[in-house]
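**Student:** Would you be able to build a 3D model of this:
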Amino acid sequence: MAATSNPSRKATKTRVSFIRGVLLIPFFLSLRQLWTFLTETTTPTANLTMAYEHLFDKQYGEPTSVEEEEERQPSIPHVAIFLNAYITVGNLSLQIVNEQFEQIGKSYAAQHNVTVHVTAVGNDIKQIENICQNVSAIDGVICSNATPYHNGGELHTLSSLYDYCQRTTAPNQTRVVYIHNKGSFHPSPRNDRWRRAMTDAVTTEMCLNPPDPRCDACGLTFASPPRMFTILFPGNFFAASCEYVNQLLHPFKYQERMSTVVNYARYKMKFHFAGTKGAANWITGSGRYTPEHWIGSHPNFRPCDVSVPRDYWHWMDNDHSYDDLVWSMIPRNESDRVCAEAMGNPDLRLRTYQYLPGILWRQKFLYNQTPPLETSWMYDWFPDGHFFRDNIVQHGVGFIDKILEPSFDRNATWNGSEAANRSQSC
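**Tutor:** Below is the predicted model:
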């Protein structure tokens, strides 16, 4: 008796074969990608690890180079975001990161297929080694895993930002954004409101494509002495031009140099440090507080911001909307300027570390430069700015060191200057 075939069994085998074939397609495509990369590389054996990373990145949509990111963003400016994610025990840290991704997804930045480079710092290995797997998918936003660190602060992420700017092919057309998951270590409703306002601010078109291209860096609120201890964006969220970033010292080099600067200022130059905590690290910019001082450290710095209220505490105490943000170059309001005489006698203020004497001295020490005499906002904004500009024009940059000498008569020099009778006087 001839054997009879079972149509049902045949159909089942056909379906199984078809499914197997479909499932194997990505595998063979992956092998082809890997082989192509290896054969196009001059040293395929030495680059085997890199080849695997290349293949992995291609499959999961993560960038492999600055050039690829620029190709994905045909419009100007090119934008890249760098997020420092401090990961603590529990879910709060990742909840904040996901919230920030949602904010970015609703922002101007997401219109340009923006990549967010996430540097995770923490002891939870499972959470930090591939943090992008724990981030919700957002249209227009690509999550990229940067090297994770078990210890360290914001300098790791700022270094990634700096290196990106060094590699970009069009620094004058590229803006980099720095944010962090503020509130993960000190959770509070006030920190939540402030973080949301700062994240929204630096991803607006106002900060990423400023109306005035002279703006080197933009943030929610800009602050400077004498109202603040240094030149910075409180909270340390900013969007900066790579053209400006490339003028700065590498973040770790800056930290190293600032340690020398502060020790020299304390023990050699005999600066006066205003306030009862004037020589504290968070004021001087040394130690773990270096990141906040970095972006505003160069003498060519030209900032802008989007906050009409000049007190950054306003954003901690109030919810915000996009309509609350109004762009302006700095200085924003001339009435905010503090006149020189209101800050005490010339002998004291002309050797105060936090004021213009210290700012100019630090810039000269770090970059061997001072702000441009004809164009810098600093001489018009800071108390004693006209006094310093006049004397640098007349005596050269050596005047900055000379005025700090113990034997120098600061009272007589100030009282006899033309600046004492000009617009900066009370």
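
**Student:** ok but residue 359 is inside a helix, no?
**Tutor:** Yes: looking at residue 359 with DSSP: H, G, I helix; E, B strand; the rest coil, it is inside a helix.

**Student:** for it, what are its contacts?
**Tutor:** 225, 230-231, 378, 382 (C-beta atoms under 8 Å, 6 or more residues apart in numbering). Bear in mind the C-beta positions are built from the backbone N, C-alpha and C, glycine included.

**Student:** Could you verify my assumption that residue 159 touches residue 253?
**Tutor:** No: if you go by C-beta atoms under 8 Å, residue 159 and residue 253 don't touch, sitting 9.7 Å apart.

**Student:** picking up where we left off before, sort the contacts of residue 359 by pLDDT and name the bottom one.
**Tutor:** Looking at the contacts of residue 359 by pLDDT, the weakest one is residue 225, with 85.

**Student:** Quickly find the element holding that one.
**Tutor:** For residue 225, there is no host helix or strand (DSSP states H and E).

**Student:** now swap in residue 282 and tell me
**Tutor:** Here residue 282 is assigned to helix 281-284, by DSSP H and E.

**Student:** For beta bridges, what are the partners of residue 117?
**Tutor:** Here residue 117 sits in beta bridges with residue 82, residue 144, going by DSSP bridges.

**Student:** From residue 178, how far off is it?
**Tutor:** Look at residue 117 and residue 178: by C-beta to C-beta, to the nearest Å, they are 10 Å apart.

**Student:** Please type out the ChimeraX selection for whichever of the contacts of residue 359 turn out to be buried.
**Tutor:** This is the ChimeraX syntax for the buried subset of these, where burial follows 16 or more other C-beta atoms under 10 Å:
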select :225,230,231,378,382
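
**Student:** can I get the contacts of residue 359 in JSON lines with distance to residue 329 and secondary structure?
**Tutor:** Converted to JSON lines, these look like this (distance: C-beta to C-beta, whole Å; DSSP: H, G, I helix; E, B strand; the rest coil):
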{"residue": "225", "distance to residue 329": "19", "secondary structure": "coil"}
{"residue": "230", "distance to residue 329": "19", "secondary structure": "coil"}
{"residue": "231", "distance to residue 329": "15", "secondary structure": "coil"}
{"residue": "378", "distance to residue 329": "13", "secondary structure": "helix"}
{"residue": "382", "distance to residue 329": "16", "secondary structure": "coil"}
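
**Student:** Let me have the contacts of residue 359 in a markdown table, extended by distance to residue 96.
**Tutor:** Conversion of those to a markdown table gives the following (distance: C-beta to C-beta, whole Å):
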| residue | distance to residue 96 |
| --- | --- |
| 225 | 31 |
| 230 | 26 |
| 231 | 27 |
| 378 | 35 |
| 382 | 36 |
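
**Student:** ok so, going back, can you list residues touching both of residue 117 and residue 178?
**Tutor:** Both residue 117 and residue 178 are contacted by 81-82, 157, 161, under the criterion C-beta under 8 Å, 6+ apart.

**Student:** Spatially, which two of those residues are the most separated?
**Tutor:** Using C-beta to C-beta, the pair of the shared contacts of residue 117 and residue 178 lying farthest apart is 81 and 157, separated by 10.5 Å.

**Student:** Quickly list what's touching both of these two.
**Tutor:** Residues touching both residue 81 and residue 157 (C-beta under 8 Å, 6+ apart): 117, 178.

**Student:** Over to the nearest residue to residue 185 once chain neighbours are set aside: give its phi and psi.
**Tutor:** In space, and not counting its chain neighbours, residue 185 is closest to residue 86: 6.0 Å by C-beta to C-beta, 6 or more residues apart in numbering. Torsion angles at residue 86 (phi, psi; degrees, to the nearest 10) stand at phi -90, psi 120.

**Student:** next one: the one 3 residues further on
**Tutor:** Taking degrees, to the nearest 10, you get phi -70, psi 140 for the backbone angles of residue 89.

**Student:** ok so, going back, using JSON lines, lay out the shared contacts of residue 117 and residue 178 together with pLDDT, distance to residue 196 and neighbour count.
**Tutor:** What follows is the shared contacts of residue 117 and residue 178, written out as JSON lines (pLDDT from 0 to 100; distance: C-beta to C-beta, whole Å; neighbours: other C-beta atoms under 10 Å):
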{"residue": "81", "pLDDT": "97", "distance to residue 196": "16", "neighbour count": "28"}
{"residue": "82", "pLDDT": "97", "distance to residue 196": "18", "neighbour count": "25"}
{"residue": "157", "pLDDT": "96", "distance to residue 196": "20", "neighbour count": "26"}
{"residue": "161", "pLDDT": "97", "distance to residue 196": "21", "neighbour count": "24"}
